[in-house]
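Asks: Need a 3D model of the sequence below.
(one chain, ligands or ions: 1)
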Amino acid sequence: MRPFEGRRILLGVTGGIASYKSAWLARLLSQEGAAVDVVMTRTATEFIAPLTFEALTGRPVHTALLAQGHALDHIKLARQAHAVVVAPATADFCARAAHGRADDLLAAILLATEARVLLVPTMNDHMWAHPQTRLNSEHLREIGYTVLNPEIGALAAGEGSGEGRMPEPETIVAHVARLLEDASFAGRNVVVTAGPTRELVDPVRVLSNRSSGRMGVALAAAAWRRGATVTLIAGPLEVPLPAGPKVVRVETTEEMSAAVNAAVGTADVLVMAAAPADFRAAATASDKIKKGASSPSIQLAPTPDILRESARHMRAGAVRVGFALESHDGLANARHKLESKSLDMIVLNDALEPDAGIGVETNRVTIISRDGSEEQIPLMLKREIADIILDRVRDRMRLEPAAHRR
Ligand code: CTP
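Replies: Prediction:
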């Protein structure tokens, strides 16, 4: 199932040049399964044609408060929406919204809706820096809207660079997903690791593995969507970083270990989805190893077991989740790891199955809990598996208070 299936999202577009990116946003939301109702201000229609949005969403576009025969459009649209997103939101629109004006269809919808609202202010950097604009956005947050800060970067042609850019549509989609999700992890700190690590053999060669980071990234994104504060500690990834979590980039197992130990002290949950390299070269050659007559041999040394060591840095009661990648005797090996690494839960996957485990989009896992229960999950997308794992973590967390609230 697509993430926004059955959801109705009202996309408000106001008159800024960034509205060209709103077309892509409308497309992404539709692709994810949402029914997207686009409402444009009059100025927005001077930047981009309603027809563009109509073609992308397959639905009529709304522009006027009192369109003939549709006097109650704003009430109907406002009531049907599961979430309202205004992107771009100009300085003028933010000012009108902050004052509760209802002088056009979009402003009236904000007053009439009971859905959660996301505003994406986008403007010239001086306009954004103006104290009145800042007051407006603070006020909008106080009255319950989620207001994104604009990004720093290139502004409209001739305006150079500054803080005022609209975030990329993919980032906005992630925020919409957070708006629509239950906030079952609100107030919780979650640390997730993802991807492989890399150990240098010489200045150009590395020891590593085929992990893509997809499972860890899906878990970090899902925990953030549920309202958690998330730290994602990531080795070199093959997939894009998620919007939302704080990201700490590492290269070696030693670096990942240090980053995990530094982050888990205040964590309510640690999910160790990374595949850290278990071995490094006992000595890294300072020069590139040359091809010679004989094959060189590399002496290996063990790296730290991050998960095992992290237990010493975590408070009692925090939920600890590991993964086990096994090619034989999966259940027995996973149960042994659950015990020896002091875990609450271990997610077992098969290293030999072609559509599951490392480096692919899908997985088939068994979730084994400390109480001995075993749950077999059929083959599905890692994104879907992430949600099931977090459901089990949530059930476990209910038994434990939040670490930093003690
Ligand atoms: N792990 C870790 N530090 C390592 C290696 C693994 O924290 N140096 C974590 C993994 O992230 C995973 C769990 O330990 O959550 C089990 O990893 P796995 O590779 O299945 O097992 P290992 O402990 O490395 O043992 P082996 O390779 O012998 O099966």
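
Asks: which residues of the stretch 1-150 of the chain score low on pLDDT?
Replies: 66-72 (pLDDT under 70).

Asks: Mind telling me which residue of it is nearest the ligand?
Replies: residue 3 (26.0 Å; C-beta to the nearest ligand atom). Every C-beta, even on glycine, is put in place using the N, C-alpha and C of the backbone.

Asks: Could you report the neighbour count for that residue?
Replies: Residue 3 has 19 neighbouring residues, counting by other C-beta atoms under 10 Å.

Asks: Can you name the residues that contact it?
Replies: With contacts defined as C-beta atoms under 8 Å, 6 or more residues apart in numbering, residue 3 is in contact with 32-33, 177, 383.

Asks: Whichever of these end up buried, select them in PyMOL.
Replies: Listed next is the PyMOL selection for buried residues among these, using 16 or more other C-beta atoms under 10 Å:
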select buried, resi 32+177+383
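
Asks: Just send the contacts of residue 3 back as JSON lines, with secondary structure and distance to the ligand too.
Replies: Below are the contacts of residue 3 laid out as JSON lines (DSSP: H, G, I helix; E, B strand; the rest coil; distance: C-beta to the nearest ligand atom, whole Å):
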{"residue": "32", "secondary structure": "coil", "distance to the ligand": "30"}
{"residue": "33", "secondary structure": "coil", "distance to the ligand": "32"}
{"residue": "177", "secondary structure": "helix", "distance to the ligand": "26"}
{"residue": "383", "secondary structure": "helix", "distance to the ligand": "19"}
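
Asks: Farthest-apart pair in the contacts of residue 3, please.
Replies: Within the contacts of residue 3, two members stand farthest from each other by C-beta to C-beta: 33 and 383, at 13.1 Å.

Asks: which residues does residue 203 contact?
Replies: Counting by C-beta under 8 Å, 6+ apart, residue 203 makes contact with 285-288.

Asks: give me that answer again for 6 Å
Replies: residue 288 (C-beta atoms under 6 Å, 6 or more residues apart in numbering).

Asks: Give me the distance between the residue sitting furthest away from the middle of the chain and the ligand.
Replies: What lies farthest from the middle of the chain is residue 293; by C-alpha atoms, centre = their mean that is 50.1 Å. Separation of residue 293 from the ligand (C-beta to the nearest ligand atom, to the nearest Å): 34 Å.

Asks: before we move on, what SS does that residue have?
Replies: coil (DSSP: H, G, I helix; E, B strand; the rest coil).

Asks: Provide the backbone phi and psi angles at the residue of the stretch 1-150 of the chain closest to the ligand.
Replies: Residue 3 adopts backbone torsions of phi -60, psi -30, taken as degrees, to the nearest 10.

Asks: host element of the residue in the stretch 101-250 of the chain that the ligand sits nearest to?
Replies: In the stretch 101-250 of the chain, the residue that lies nearest the ligand is residue 193 (6.3 Å; C-beta to the nearest ligand atom). Under the criterion of DSSP states H and E, residue 193 resides in strand 189-194.

Asks: Next: residue 233.
Replies: Using DSSP H and E, residue 233 falls in strand 229-234.

Asks: Check residue 258 too.
Replies: Counting by DSSP H and E, residue 258 is part of helix 253-263.

Asks: Just checking: what are the partner strands of the helix or strand just after that helix?
Replies: Counting by DSSP H and E, the next helix or strand C-terminal to helix 253-263 is strand 269-272. With DSSP bridges as the test, strand 269-272 is paired with strand 189-194 (parallel), strand 319-326 (parallel).

Asks: Out of those strands, which gets nearest to residue 348?
Replies: Of all those, strand 319-326 sits nearest to residue 348, with 4.8 Å by C-beta to C-beta.

Asks: can you tell me the average pLDDT over the closest one?
Replies: The pLDDT scores in strand 319-326 average 96.

Asks: Contacts for the helix or strand following it, please.
Replies: Sequence order places helix 330-340 as the next helix or strand after strand 319-326, per DSSP H and E. With C-beta under 6 Å, 6+ apart as the test, helix 330-340 has contacts from 324, 326, 346, 348, 368.

Asks: now the residues you listed in TSV, with distance to residue 150 and neighbour count?
Replies: Listed next are the contacts of helix 330-340 as TSV, based on distance: C-beta to C-beta, whole Å; neighbours: other C-beta atoms under 10 Å:
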residue	distance to residue 150	neighbour count
324	43	23
326	47	17
346	42	26
348	44	24
368	45	23
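
Asks: just the residues you listed now: which is nearest residue 361?
Replies: Using C-beta to C-beta, the contacts of helix 330-340 come closest to residue 361 at residue 348, 18.6 Å.

Asks: Give me the contact status of the helix or strand where that closest one lies with the ligand.
Replies: For residue 348, the host element (DSSP H and E) is strand 345-350. No: figure legend: strand 345-350 not in contact with the ligand (C-beta under 6 Å from any ligand atom); closest approach 7.5 Å.

Asks: And that strand, how far out from the chain middle?
Replies: Strand 345-350 sits 22 Å away from the centroid of its parent chain (C-alpha atoms, centre = their mean, to the nearest Å).

Asks: Alpha carbons of that strand, in PDB - could you do that?
Replies: What follows is strand 345-350, C-alpha atoms only, in PDB (Å, rounded to 0.1, in the frame of the first residue of the first chain):
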ATOM      1  CA  MET A 345      14.200  -7.800  20.500                       C
ATOM      2  CA  ILE A 346      16.200  -9.200  17.600                       C
ATOM      3  CA  VAL A 347      15.300  -9.100  14.000                       C
ATOM      4  CA  LEU A 348      16.500 -12.200  12.200                       C
ATOM      5  CA  ASN A 349      17.100 -12.200   8.400                       C
ATOM      6  CA  ASP A 350      18.600 -14.800   6.100                       C
END
